[in-house]
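Asks: Have a look at this prediction, sequence included:
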Amino acid sequence: MNQQPPQGNPGMPFMPNNMPQGQMPQGYMQPNGQPQFGGQAQPNQPGQPPYGQQWNAAPNFNAQTGQPGQQPQNTKDKNKEQKKKKKGKGSLFGWILLGIVLMIALGIFGGILGYNTAINARQAEYKRQSMMAAAEQYTMAISDIEQGKYQNAKTRLDYVIEVDRDYPGAMETYQQVMLALYPTASPTPMMTATPAPTPTQDTRGEEEMFQSIQQAVYAQNWELAINMIKALRDRNLSYRGLEVDGLYYIALRNYGIQMINSGNLEQGIYNITLAEALGPIDSSADSLRNAARSYLAGAGFWEINWSKALEYYSNAAMTMPNMYDNATRLTANQRYAQASFYVADEYVAREDYCGAIPYYDQGMPIAGNETVQMTATAVYLVCYPPAPVVEQSDTDTSTVVQEENDQENIINTDDQDIYIAG
């Protein structure tokens, strides 16, 4: 049988049946802190909530004053919060600084990448143009060989080999040209060939040879210095390697300049290029070498493409106007003037007279002559014809004279003008 729970009065606390009358359950307190049924109230302890209550029952109770108020915060929790705020600010500043550094690094990297890309593009374009010119020169060299113009073919092949030593067929064709230019004598039957004389071996010591090289360099005897350096290297390649290389560089560089100035352009270019393998070439030697290359390239287009020849000789004349080659003894300035006249003649042949005038003008101060002067004057008159001169006829002259006589025959008589017909 189910037992019903005991019933109490509304608003009164539950009282167990076995509790003596007049007593309260342990811990039950009235709102004023007094026991409801005569029980003894226990005093409150400092820093503790009122008897029978918990901190969570009075969240705004101040334990120090005993009055409602803000609950004191824990100092450790407060320090932790401050540290978190500072840490958050520091982290934000670090991210901003990292972003700035990354932006600067990306900018520098992009600049370097763009610069390298531009340099590579220029080098590729230069190589492409050089290869196209080499192919054109090789084709013209073949044509020159067929026509027996071996000297022109040699000049063209020199340019091709300089651009690309491995150009297909260039070396073989060059050997054929050299054999055609400098044929070897056929061996005579029933005769024993005389052996070539062997050069006397230098038996001096390495140090004595080195001193001789220095003396040759100081005396500016470049060819002798180069030959002695070769002899020293054949004997002892490692002897004073750095010093010998320095002297070799000086001798090659200056000997190349000497060769170019004396009309041996190919040999001069070759020696300066050998010096460049030992160290960087100064701007003076490099400018002279480029002028010699332009001179030889212009010679390759001579009588074939006057516009191209003029372009190359223009570059050579701007740098070294008095440069010449031993084959023609013509200076770069003279070649430039002659090429200008030929280009002007091509304009005249196309009846473009005004287009021919600038080429005559730029060549006349250098190599003008009476024939060219007459042609240039005629072309100028065709391009800029003089204004026509108006001449009066005899009829017009007689009419003017008659009018003057009529004016003289006007006589004033009795204040009246009388006209007397003549």
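Replies: Yes, it's here. Keep in mind that this is a model prediction, so the values were computed, not measured.
Asks: sec struct for residue 363, please.
Replies: Following DSSP: H, G, I helix; E, B strand; the rest coil, the label given to residue 363 is helix.
Asks: Got the phi and psi for residue 324?
Replies: Main-chain torsions, residue 324, degrees, to the nearest 10: phi -140, psi 170.
Asks: right, and it touches residue 317 too?
Replies: No: Residue 324 lies out of contact with residue 317 (CB atoms under 8 Å); the separation is 11.4 Å. C-beta: built from backbone N, CA, C; applies to glycine.
Asks: Might you report the residue contacts of residue 361?
Replies: Residue 361 sits next to residue 376 when contact means CB atoms under 8 Å, 6 or more residues apart in numbering.
Asks: ok, it to residue 315 distance?
Replies: 20 Å (CB to CB, to the nearest Å).
Asks: Now for residue 324 and residue 317: what residues contact both?
Replies: Common contact partners of residue 324 and residue 317 (CB under 8 Å, 6+ apart): residue 332.
Asks: How much space separates residue 214 from residue 265?
Replies: Distance, residue 214 to residue 265, using CB to CB: 29 Å.
Asks: Among those two, which residue is more densely surrounded?
Replies: Set residue 214 next to residue 265 and count neighbours by other CB atoms under 10 Å: residue 265 wins out with 26 against 13.
Asks: number of nearby residues for the closest residue in space to the more buried one that isn't next to it in sequence?
Replies: Sequence neighbours aside, residue 292 is the residue nearest to residue 265 in space, at 4.3 Å (criterion: CB to CB, 6 or more residues apart in numbering). Neighbour count for residue 292, taken as other CB under 10 Å: 27.
Asks: If we go by neighbour counts, what in stretch 113-133 is buried?
Replies: Under the neighbour-count criterion of 16 or more other CB atoms under 10 Å, stretch 113-133 has residue 133 buried.
Asks: If you count neighbours, what's buried in stretch 240-257?
Replies: Within stretch 240-257, the residues scored as buried using 16+ other CB under 10 Å are 244, 247, 248, 249, 250, 251, 252, 253, 254, 255, 256, 257.
Asks: TSV for those residues, including pLDDT?
Replies: Putting the buried residues of stretch 240-257 into TSV (pLDDT from 0 to 100) gives the following:
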residue	pLDDT
244	91
247	92
248	93
249	93
250	92
251	94
252	94
253	94
254	95
255	95
256	95
257	95
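Asks: The residues you listed in helices, which ones?
Replies: Under the assignment DSSP state H, the buried residues of stretch 240-257 contribute 244, 247, 248, 249, 250, 251, 252, 253, 254, 255, 256, 257 to helices.
Asks: Please identify which pair of those lies farthest apart.
Replies: 244 and 257 (20.8 Å; CB to CB).
Asks: could I have the helix or strand hosting residue 346 exported to CSV, CA atoms only?
Replies: Element membership for residue 346 (DSSP states H and E) is helix 332-349. Taking Å, rounded to 0.1, in the frame of the first residue of the first chain, the C-alpha atoms of helix 332-349 are listed here in CSV:
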residue,chain,number,x,y,z
ALA,A,332,85.7,53.7,-93.3
ASN,A,333,84.8,57.3,-94.1
GLN,A,334,85.5,56.8,-97.8
ARG,A,335,83.5,53.5,-97.9
TYR,A,336,80.7,55.3,-96.1
ALA,A,337,80.6,58.1,-98.8
GLN,A,338,80.8,55.7,-101.7
ALA,A,339,78.0,53.6,-100.3
SER,A,340,75.9,56.7,-99.8
PHE,A,341,76.4,57.7,-103.5
TYR,A,342,75.3,54.2,-104.6
VAL,A,343,72.2,54.2,-102.4
ALA,A,344,71.4,57.7,-103.8
ASP,A,345,71.7,56.3,-107.4
GLU,A,346,69.3,53.5,-106.5
TYR,A,347,66.7,56.2,-105.4
VAL,A,348,67.3,58.0,-108.7
ALA,A,349,66.7,54.8,-110.6
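Asks: Apart from its neighbours in sequence, what residue is nearest residue 263?
Replies: residue 326 (3.9 Å).
Asks: So which bits of the helix holding residue 346 are buried?
Replies: 332-345, 347-348.
Asks: Which of the ones in helices among the buried residues of stretch 240-257 sits closest to residue 172?
Replies: Nearest member of those to residue 172, counting by CB to CB, is residue 256, at 27.4 Å.
Asks: quick one: average pLDDT of stretch 124-137?
Replies: Averaged over stretch 124-137, pLDDT sits at 74.
Asks: Identify the residues contacting it?
Replies: 156, 157, 159, 160, 163, 164, 167, 297, 300.
Asks: do that again at 10 Å, thanks
Replies: With contacts defined as CB atoms under 10 Å, 6 or more residues apart in numbering, stretch 124-137 is touched by 153, 155-164, 167-168, 170, 297, 300-301, 304-305, 308.
Asks: Only alpha carbons, please: show that stretch as CSV.
Replies: The C-alpha coordinates for stretch 124-137 follow below in CSV (Å, rounded to 0.1, in the frame of the first residue of the first chain):
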residue,chain,number,x,y,z
ALA,A,124,67.8,36.0,-77.6
GLU,A,125,66.8,38.7,-80.1
TYR,A,126,70.4,39.6,-80.7
LYS,A,127,71.3,35.9,-81.3
ARG,A,128,68.3,35.5,-83.6
GLN,A,129,69.4,38.5,-85.7
SER,A,130,73.0,37.4,-85.7
MET,A,131,72.0,33.9,-86.9
MET,A,132,69.8,35.4,-89.7
ALA,A,133,72.7,37.6,-90.8
ALA,A,134,75.1,34.6,-90.6
ALA,A,135,72.7,32.5,-92.8
GLU,A,136,72.5,35.4,-95.3
GLN,A,137,76.3,35.8,-95.4
